[in-house]
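Quick check, what structure comes out for this input:
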Amino acid sequence: MRLVRVLLSARDPGGAAQVLAVAPALRADPRAAVSVTASGPAFDILKAAGQNPERFVLPDGSVHQEAGVDPAPLLGAAQALLDRADPDALVVGISSLGVGVDEALLARAGGRPTFALQDYPGDANAIAGAYAGRYFVRDEAAARLTRARFGAEAVPVGSLRHQAYARLDVPALRASTRAQLGAGDHPVVGFFGQPPDIPGHEAAFGHLVEALAARRAKPLLVLREHPKSRDRRAAHLDALRAAGVRVHDATDAGAVERWLAACDVVTTCFSHCAMDSAFLSAHSPEPLGSVLFLLTTSGAREFMRAYTGMPLPDGVEQGLGLVAESSADVGRLLERALTRDEQRAFHAASLRLPRAARLDLIVETVVEAGRQRMARVGAPS
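Model (predicted):
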(Lines give C-alpha, C1' and ligand atoms only; values in the text may rest on other atoms or scores of the structure.)
Protein backbone atom coordinates (compact mmCIF):
# COMPACT_ATOMS: atom_id res chain seq x y z
CA MET A 1 0.00 0.00 0.00
CA ARG A 2 1.24 3.54 -0.74
CA LEU A 3 2.35 5.97 1.95
CA VAL A 4 -0.20 7.94 3.94
CA ARG A 5 -0.27 11.47 2.54
CA VAL A 6 -0.41 14.06 5.34
CA LEU A 7 -0.90 17.76 4.60
CA LEU A 8 0.04 20.32 7.26
CA SER A 9 -0.91 24.01 7.14
CA ALA A 10 -0.31 27.28 8.96
CA ARG A 11 -0.77 31.00 8.39
CA ASP A 12 0.41 32.72 11.59
CA PRO A 13 3.64 32.46 13.65
CA GLY A 14 1.96 30.43 16.39
CA GLY A 15 0.65 27.90 13.91
CA ALA A 16 4.04 27.73 12.21
CA ALA A 17 5.71 26.97 15.54
CA GLN A 18 3.29 24.10 16.13
CA VAL A 19 3.84 22.70 12.64
CA LEU A 20 7.61 22.94 13.12
CA ALA A 21 7.27 20.74 16.19
CA VAL A 22 5.12 18.10 14.50
CA ALA A 23 6.44 17.95 10.92
CA PRO A 24 9.83 16.33 11.69
CA ALA A 25 8.16 13.61 13.76
CA LEU A 26 5.70 12.85 10.95
CA ARG A 27 8.47 12.89 8.33
CA ALA A 28 10.44 10.40 10.43
CA ASP A 29 7.60 7.87 10.24
CA PRO A 30 8.21 5.50 7.29
CA ARG A 31 4.47 5.17 6.71
CA ALA A 32 3.90 8.87 5.98
CA ALA A 33 4.53 11.26 3.10
CA VAL A 34 4.35 14.83 4.41
CA SER A 35 3.67 18.08 2.57
CA VAL A 36 3.24 21.58 3.98
CA THR A 37 1.27 24.59 2.80
CA ALA A 38 1.43 28.02 4.39
CA SER A 39 0.62 31.68 3.92
CA GLY A 40 1.53 35.00 5.51
CA PRO A 41 4.23 35.00 8.20
CA ALA A 42 4.01 31.22 8.55
CA PHE A 43 5.30 30.71 5.01
CA ASP A 44 8.51 32.63 5.71
CA ILE A 45 9.05 30.85 9.04
CA LEU A 46 8.52 27.38 7.59
CA LYS A 47 10.60 28.09 4.50
CA ALA A 48 13.50 29.34 6.62
CA ALA A 49 13.25 26.14 8.69
CA GLY A 50 13.63 23.95 5.61
CA GLN A 51 10.06 22.66 5.49
CA ASN A 52 9.66 23.58 1.78
CA PRO A 53 6.07 24.82 2.09
CA GLU A 54 3.81 25.45 -0.86
CA ARG A 55 2.63 29.06 -0.77
CA PHE A 56 -1.15 29.35 -0.37
CA VAL A 57 -2.54 32.45 -2.06
CA LEU A 58 -5.88 33.52 -3.51
CA PRO A 59 -6.22 34.61 -7.15
CA ASP A 60 -6.25 38.29 -6.11
CA GLY A 61 -3.00 37.86 -4.17
CA SER A 62 -4.56 37.92 -0.70
CA VAL A 63 -4.00 35.12 1.82
CA HIS A 64 -6.96 35.46 4.16
CA GLN A 65 -10.39 37.07 4.43
CA GLU A 66 -12.29 38.86 7.13
CA ALA A 67 -14.92 36.84 8.96
CA GLY A 68 -18.35 37.34 7.42
CA VAL A 69 -17.05 37.97 3.89
CA ASP A 70 -18.13 35.51 1.20
CA PRO A 71 -15.51 32.73 1.54
CA ALA A 72 -16.03 31.35 -1.97
CA PRO A 73 -12.59 32.44 -3.34
CA LEU A 74 -10.85 31.06 -0.25
CA LEU A 75 -12.75 27.78 -0.41
CA GLY A 76 -12.03 27.48 -4.12
CA ALA A 77 -8.30 27.88 -3.56
CA ALA A 78 -8.41 25.28 -0.78
CA GLN A 79 -10.31 22.84 -2.99
CA ALA A 80 -7.76 23.28 -5.77
CA LEU A 81 -4.97 22.51 -3.31
CA LEU A 82 -6.78 19.40 -2.06
CA ASP A 83 -7.39 18.22 -5.62
CA ARG A 84 -3.65 18.50 -6.37
CA ALA A 85 -2.29 17.04 -3.14
CA ASP A 86 -5.11 14.55 -2.40
CA PRO A 87 -4.04 14.09 1.23
CA ASP A 88 -5.34 11.28 3.40
CA ALA A 89 -5.23 13.40 6.56
CA LEU A 90 -5.13 17.13 7.33
CA VAL A 91 -3.26 18.73 10.25
CA VAL A 92 -3.85 22.48 10.52
CA GLY A 93 -2.70 25.32 12.69
CA ILE A 94 -5.14 27.73 14.31
CA SER A 95 -5.23 31.44 13.56
CA SER A 96 -7.54 34.26 14.56
CA LEU A 97 -8.68 37.58 13.06
CA GLY A 98 -10.36 36.35 9.92
CA VAL A 99 -10.12 33.04 8.09
CA GLY A 100 -7.47 31.56 5.82
CA VAL A 101 -5.89 28.36 4.64
CA ASP A 102 -6.39 26.41 7.88
CA GLU A 103 -10.09 27.08 8.11
CA ALA A 104 -10.66 26.62 4.37
CA LEU A 105 -9.00 23.21 4.37
CA LEU A 106 -11.23 22.08 7.23
CA ALA A 107 -14.31 23.35 5.39
CA ARG A 108 -13.36 21.44 2.24
CA ALA A 109 -11.94 18.31 3.89
CA GLY A 110 -14.38 16.09 2.04
CA GLY A 111 -14.51 13.33 4.65
CA ARG A 112 -10.78 13.29 5.31
CA PRO A 113 -9.74 13.02 8.97
CA THR A 114 -8.88 16.47 10.29
CA PHE A 115 -6.69 17.54 13.21
CA ALA A 116 -5.77 20.95 14.62
CA LEU A 117 -2.70 21.96 16.62
CA GLN A 118 -3.98 24.31 19.31
CA ASP A 119 -1.58 26.97 20.55
CA TYR A 120 -3.65 29.24 22.81
CA PRO A 121 -5.82 27.16 25.20
CA GLY A 122 -9.44 26.90 24.13
CA ASP A 123 -8.82 28.43 20.70
CA ALA A 124 -10.49 27.20 17.51
CA ASN A 125 -11.57 28.88 14.30
CA ALA A 126 -13.83 27.70 11.50
CA ILE A 127 -15.84 28.61 8.43
CA ALA A 128 -19.53 27.78 8.90
CA GLY A 129 -18.82 25.58 11.91
CA ALA A 130 -16.42 23.22 10.12
CA TYR A 131 -14.12 22.58 13.06
CA ALA A 132 -11.40 19.93 13.11
CA GLY A 133 -12.36 16.41 14.11
CA ARG A 134 -9.78 16.42 16.88
CA TYR A 135 -7.73 19.12 18.61
CA PHE A 136 -4.32 18.40 20.07
CA VAL A 137 -4.07 20.69 23.11
CA ARG A 138 -1.61 21.46 25.87
CA ASP A 139 -3.30 20.04 28.96
CA GLU A 140 -6.57 18.80 30.39
CA ALA A 141 -7.70 22.34 31.27
CA ALA A 142 -7.32 23.34 27.61
CA ALA A 143 -9.16 20.18 26.57
CA ARG A 144 -12.10 20.95 28.86
CA LEU A 145 -12.30 24.53 27.60
CA THR A 146 -12.17 23.43 23.96
CA ARG A 147 -14.89 20.85 24.46
CA ALA A 148 -17.08 23.34 26.32
CA ARG A 149 -16.69 26.13 23.75
CA PHE A 150 -16.90 24.17 20.52
CA GLY A 151 -18.14 20.66 21.33
CA ALA A 152 -14.95 19.37 19.71
CA GLU A 153 -12.86 16.36 20.62
CA ALA A 154 -9.67 17.46 22.38
CA VAL A 155 -6.65 15.42 23.47
CA PRO A 156 -3.91 16.73 25.82
CA VAL A 157 -0.42 16.26 24.34
CA GLY A 158 1.73 18.83 26.17
CA SER A 159 3.11 22.04 24.70
CA LEU A 160 4.37 21.11 21.25
CA ARG A 161 6.13 24.33 20.36
CA HIS A 162 8.03 24.40 23.65
CA GLN A 163 9.42 20.87 23.80
CA ALA A 164 12.51 22.03 21.87
CA TYR A 165 13.39 24.43 24.71
CA ALA A 166 14.90 21.48 26.57
CA ARG A 167 17.83 21.72 24.14
CA LEU A 168 18.47 25.41 24.84
CA ASP A 169 21.09 26.77 27.21
CA VAL A 170 18.77 29.47 28.49
CA PRO A 171 21.23 31.26 30.84
CA ALA A 172 23.79 31.47 28.01
CA LEU A 173 21.11 32.75 25.62
CA ARG A 174 20.15 35.43 28.13
CA ALA A 175 23.75 36.45 28.80
CA SER A 176 24.74 36.72 25.13
CA THR A 177 21.65 38.72 24.17
CA ARG A 178 22.02 41.12 27.07
CA ALA A 179 25.67 41.59 26.12
CA GLN A 180 24.56 42.43 22.57
CA LEU A 181 22.12 44.96 24.02
CA GLY A 182 24.82 46.45 26.24
CA ALA A 183 22.41 46.03 29.14
CA GLY A 184 24.82 45.01 31.88
CA ASP A 185 22.86 45.03 35.13
CA HIS A 186 20.40 47.58 33.74
CA PRO A 187 16.77 46.38 33.71
CA VAL A 188 15.40 45.29 30.33
CA VAL A 189 11.68 45.50 29.52
CA GLY A 190 10.26 44.04 26.32
CA PHE A 191 7.12 45.05 24.46
CA PHE A 192 5.87 42.20 22.28
CA GLY A 193 3.19 43.46 19.97
CA GLN A 194 0.08 41.92 18.49
CA PRO A 195 -1.98 42.91 15.45
CA PRO A 196 -3.08 46.55 15.87
CA ASP A 197 -6.71 45.74 15.04
CA ILE A 198 -7.03 44.12 18.49
CA PRO A 199 -9.14 46.66 20.40
CA GLY A 200 -7.10 48.66 22.89
CA HIS A 201 -3.71 47.50 21.57
CA GLU A 202 -2.40 50.95 20.69
CA ALA A 203 -3.80 52.45 23.87
CA ALA A 204 -1.98 49.79 25.91
CA PHE A 205 1.30 50.64 24.22
CA GLY A 206 0.70 54.32 24.96
CA HIS A 207 0.05 53.53 28.62
CA LEU A 208 3.34 51.65 28.80
CA VAL A 209 5.18 54.62 27.27
CA GLU A 210 3.59 56.93 29.84
CA ALA A 211 4.68 54.66 32.69
CA LEU A 212 8.24 54.48 31.37
CA ALA A 213 8.40 58.26 30.89
CA ALA A 214 7.40 58.76 34.53
CA ARG A 215 10.26 56.63 35.83
CA ARG A 216 13.41 58.41 36.99
CA ALA A 217 15.57 55.40 36.09
CA LYS A 218 14.30 54.15 32.77
CA PRO A 219 14.85 50.55 31.66
CA LEU A 220 16.11 49.58 28.24
CA LEU A 221 13.13 48.70 26.05
CA VAL A 222 13.21 45.85 23.51
CA LEU A 223 10.55 46.42 20.85
CA ARG A 224 9.29 43.35 19.01
CA GLU A 225 6.42 44.08 16.65
CA HIS A 226 4.05 41.39 15.40
CA PRO A 227 4.67 40.41 11.75
CA LYS A 228 1.26 41.93 10.91
CA SER A 229 2.15 45.20 12.65
CA ARG A 230 5.45 46.25 11.12
CA ASP A 231 3.86 49.47 9.89
CA ARG A 232 3.49 50.58 13.53
CA ARG A 233 7.21 50.26 14.25
CA ALA A 234 8.29 53.79 13.30
CA ALA A 235 5.55 55.42 15.38
CA HIS A 236 6.33 53.21 18.37
CA LEU A 237 10.05 53.92 18.17
CA ASP A 238 9.38 57.67 17.96
CA ALA A 239 7.09 57.56 21.00
CA LEU A 240 9.63 55.67 23.10
CA ARG A 241 12.51 57.95 22.17
CA ALA A 242 10.40 61.04 22.83
CA ALA A 243 9.81 59.63 26.33
CA GLY A 244 13.57 59.40 26.89
CA VAL A 245 13.65 55.61 26.70
CA ARG A 246 16.60 53.82 25.14
CA VAL A 247 15.12 51.28 22.73
CA HIS A 248 16.38 48.31 20.72
CA ASP A 249 14.25 47.30 17.74
CA ALA A 250 14.18 43.49 17.62
CA THR A 251 11.26 43.21 15.20
CA ASP A 252 13.15 41.44 12.42
CA ALA A 253 16.01 40.14 14.54
CA GLY A 254 15.63 36.38 14.34
CA ALA A 255 13.84 34.00 16.69
CA VAL A 256 11.87 35.51 19.54
CA GLU A 257 13.34 33.31 22.29
CA ARG A 258 16.60 35.19 22.73
CA TRP A 259 14.78 38.50 23.20
CA LEU A 260 12.36 37.00 25.70
CA ALA A 261 15.23 35.45 27.64
CA ALA A 262 16.98 38.82 27.85
CA CYS A 263 14.01 40.58 29.45
CA ASP A 264 13.48 41.24 33.12
CA VAL A 265 9.85 41.99 32.30
CA VAL A 266 7.92 40.92 29.20
CA THR A 267 4.93 43.15 28.41
CA THR A 268 2.15 42.45 25.92
CA CYS A 269 -1.61 42.71 25.68
CA PHE A 270 -2.15 38.95 25.78
CA SER A 271 0.24 37.50 23.20
CA HIS A 272 1.21 33.88 23.71
CA CYS A 273 4.85 34.96 23.68
CA ALA A 274 4.18 35.38 27.40
CA MET A 275 3.88 31.60 27.60
CA ASP A 276 7.07 31.27 25.55
CA SER A 277 8.72 33.31 28.31
CA ALA A 278 7.24 31.03 30.95
CA PHE A 279 8.56 27.88 29.27
CA LEU A 280 12.00 29.48 28.89
CA SER A 281 11.87 30.19 32.61
CA ALA A 282 10.96 26.54 33.24
CA HIS A 283 14.16 25.48 31.48
CA SER A 284 16.36 27.92 33.38
CA PRO A 285 17.97 27.00 36.71
CA GLU A 286 17.56 30.60 37.88
CA PRO A 287 14.74 33.16 37.52
CA LEU A 288 14.78 35.13 34.28
CA GLY A 289 12.03 37.70 34.69
CA SER A 290 8.26 38.08 34.81
CA VAL A 291 5.31 39.09 32.63
CA LEU A 292 2.96 42.08 32.68
CA PHE A 293 -0.20 41.89 30.57
CA LEU A 294 -1.44 45.28 29.34
CA LEU A 295 -5.24 44.92 29.26
CA THR A 296 -5.73 48.56 30.11
CA THR A 297 -9.01 49.17 28.27
CA SER A 298 -12.41 47.52 28.53
CA GLY A 299 -12.28 46.81 24.79
CA ALA A 300 -9.05 44.84 25.15
CA ARG A 301 -10.39 42.83 28.06
CA GLU A 302 -13.68 42.06 26.30
CA PHE A 303 -11.88 41.00 23.12
CA MET A 304 -9.47 38.76 25.03
CA ARG A 305 -12.31 37.07 26.90
CA ALA A 306 -14.35 36.53 23.73
CA TYR A 307 -11.31 35.23 21.83
CA THR A 308 -9.94 32.91 24.53
CA GLY A 309 -13.04 31.98 26.52
CA MET A 310 -11.02 32.73 29.66
CA PRO A 311 -11.41 35.58 32.18
CA LEU A 312 -7.65 36.18 32.30
CA PRO A 313 -4.72 35.64 29.93
CA ASP A 314 -3.22 32.17 29.74
CA GLY A 315 -1.09 31.40 32.78
CA VAL A 316 -2.22 34.22 35.08
CA GLU A 317 -4.30 31.94 37.31
CA GLN A 318 -1.21 29.73 37.68
CA GLY A 319 0.95 32.66 38.82
CA LEU A 320 2.48 33.39 35.41
CA GLY A 321 1.94 37.11 35.05
CA LEU A 322 0.37 40.29 36.39
CA VAL A 323 -2.52 42.08 34.68
CA ALA A 324 -2.78 45.87 34.34
CA GLU A 325 -6.45 46.77 33.85
CA SER A 326 -6.03 50.55 33.73
CA SER A 327 -3.36 53.05 32.74
CA ALA A 328 -2.78 53.75 36.43
CA ASP A 329 -1.95 50.08 37.03
CA VAL A 330 0.93 49.99 34.57
CA GLY A 331 3.58 51.94 36.49
CA ARG A 332 2.79 50.28 39.82
CA LEU A 333 2.74 46.75 38.43
CA LEU A 334 5.84 47.35 36.31
CA GLU A 335 7.68 48.30 39.48
CA ARG A 336 6.46 45.10 41.14
CA ALA A 337 7.30 42.96 38.10
CA LEU A 338 10.89 44.23 38.19
CA THR A 339 11.43 42.99 41.75
CA ARG A 340 13.41 39.86 42.43
CA ASP A 341 10.56 38.51 44.58
CA GLU A 342 8.12 38.65 41.65
CA GLN A 343 10.65 37.04 39.32
CA ARG A 344 11.30 34.23 41.79
CA ALA A 345 7.54 33.64 42.10
CA PHE A 346 7.19 33.55 38.30
CA HIS A 347 10.06 31.05 38.07
CA ALA A 348 8.50 28.80 40.73
CA ALA A 349 5.18 28.84 38.86
CA SER A 350 6.88 28.07 35.55
CA LEU A 351 8.40 24.91 36.98
CA ARG A 352 4.88 23.47 37.28
CA LEU A 353 4.29 23.63 33.50
CA PRO A 354 4.14 20.34 31.56
CA ARG A 355 7.53 19.44 30.06
CA ALA A 356 6.78 16.44 27.84
CA ALA A 357 5.10 16.61 24.43
CA ARG A 358 3.37 13.51 23.06
CA LEU A 359 4.58 13.73 19.48
CA ASP A 360 4.40 9.94 19.30
CA LEU A 361 0.67 10.04 20.07
CA ILE A 362 0.06 12.67 17.39
CA VAL A 363 1.98 10.73 14.74
CA GLU A 364 0.26 7.44 15.51
CA THR A 365 -3.19 9.04 15.59
CA VAL A 366 -2.76 10.95 12.32
CA VAL A 367 -1.15 8.12 10.39
CA GLU A 368 -3.69 5.54 11.55
CA ALA A 369 -6.57 7.86 10.66
CA GLY A 370 -5.02 8.34 7.22
CA ARG A 371 -4.69 4.58 6.75
CA GLN A 372 -8.32 4.08 7.65
CA ARG A 373 -9.34 6.74 5.14
CA MET A 374 -7.25 5.02 2.46
CA ALA A 375 -9.04 1.76 3.18
CA ARG A 376 -12.45 3.45 2.95
CA VAL A 377 -11.80 5.05 -0.43
CA GLY A 378 -9.90 2.07 -1.84
CA ALA A 379 -6.55 3.79 -2.26
CA PRO A 380 -4.28 1.97 -4.75
CA SER A 381 -1.21 0.13 -3.53
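
hey, where'd the helices end up in the chain?
For the chain, helices defined by DSSP state H occupy the ranges 13-27, 40-48, 72-85, 101-107, 140-150, 170-181, 201-213, 233-242, 257-262, 273-282, 298-308, 327-337, 340-350, 359-377.

and the fifth one, what other elements does it pack with?
In this case it means helix 140-150. Applying 3 or more Cβ pairs under 8 Å, 6 or more residues apart in numbering; DSSP states H and E, one finds that helix 140-150 contacts strand 134-137, strand 153-156. Bear in mind the C-beta positions are built from the backbone N, C-alpha and C, glycine included.

so what pLDDT did Ile198 get?
For Ile198, the pLDDT comes out at 90.

of the helices and strands packed on helix 140-150, which approaches Glu103 most closely?
The minimum distance between Glu103 and the helices and strands packed on helix 140-150 falls on strand 134-137, with 13.6 Å, by Cβ to Cβ.

Tell me how far Glu325 lies from Ile362.
37 Å (Cβ to Cβ, to the nearest Å).

do the same with Val92
For Val92, the distance to Ile362 - Cβ to Cβ - is 13 Å.

before we move on, back to that, pick the most buried one from the helices and strands packed on helix 140-150.
The highest mean neighbour count among the helices and strands packed on helix 140-150, using mean count of other Cβ atoms under 10 Å, belongs to strand 134-137: a mean of 26.

any idea of the mean pLDDT in that one?
Per-residue scores along strand 134-137 average to 98.

Which elements pack onto that strand?
Under the contact definition 3+ Cβ pairs under 8 Å, 6+ apart, strand 134-137 sits against strand 114-117, helix 140-150, strand 153-156.

now for those, which one comes closest to Asp102?
Closest to Asp102 of those is strand 114-117 (Cβ to Cβ; 7.5 Å).

distance between the closest one and the chain's centre?
15 Å (Cα atoms, centre = their mean, to the nearest Å).

Domain boundaries for this structure, per the record?
4-158+356-377, 164-350 (automatic domain parsing).

the more surrounded of Glu325 and Ile362?
Legend: neighbour count by other Cβ atoms under 10 Å for Glu325 and Ile362, higher for Ile362 (22 against 16).

confidence score at that one?
Value for Ile362, per-residue pLDDT: 98.

Any figure for the gap between Ala128 and Val377?
Distance from Ala128 to Val377, by Cβ to Cβ: 24 Å.

swap in Pro311?
The value you get for Pro311 to Val377, if Cβ to Cβ is used, is 45 Å.

Then Leu220?
Distance from Leu220 to Val377, by Cβ to Cβ: 58 Å.

neighbour-wise, which of the two wins?
More neighbours surround Leu220 than the other of Leu220 and Val377, with 21 against 10 (other Cβ under 10 Å).

you'd agree the more buried one is up against Gly184?
No - checked against Cβ atoms under 8 Å, the pair Leu220 and Gly184 is beyond contact range at 9.5 Å.

Could you list the low-confidence segments of the stretch 1-150 of the chain?
Within the stretch 1-150 of the chain, no stretch has pLDDT under 70.

sorry, back to before: between the helices of the chain, which one is closest to Leu58.
helix 72-85 (5.2 Å).

Now do the closest one: which elements does it pack against?
In terms of contacts (3+ Cβ pairs under 8 Å, 6+ apart), helix 72-85 is packed against strand 4-10, strand 32-38, helix 101-107.

List the contacts of Glu307.
No Glu there; residue 307 is Tyr. Tyr307 is in contact with 96, 123, counting by Cβ atoms under 8 Å, 6 or more residues apart in numbering.

Make residue 1 into 483 and carry on from there
In the new numbering, first residue 483, that becomes Tyr789.

Distance of it relative to Ala830?
28 Å.

now do Glu817
Applying Cβ to Cβ to Glu817 and Ala830 gives a distance of 20 Å.

Quick check, Ala524 in contact with Ala498.
Yes - with contact defined as Cβ under 8 Å, Ala524 reaches Ala498; the gap is 3.9 Å.
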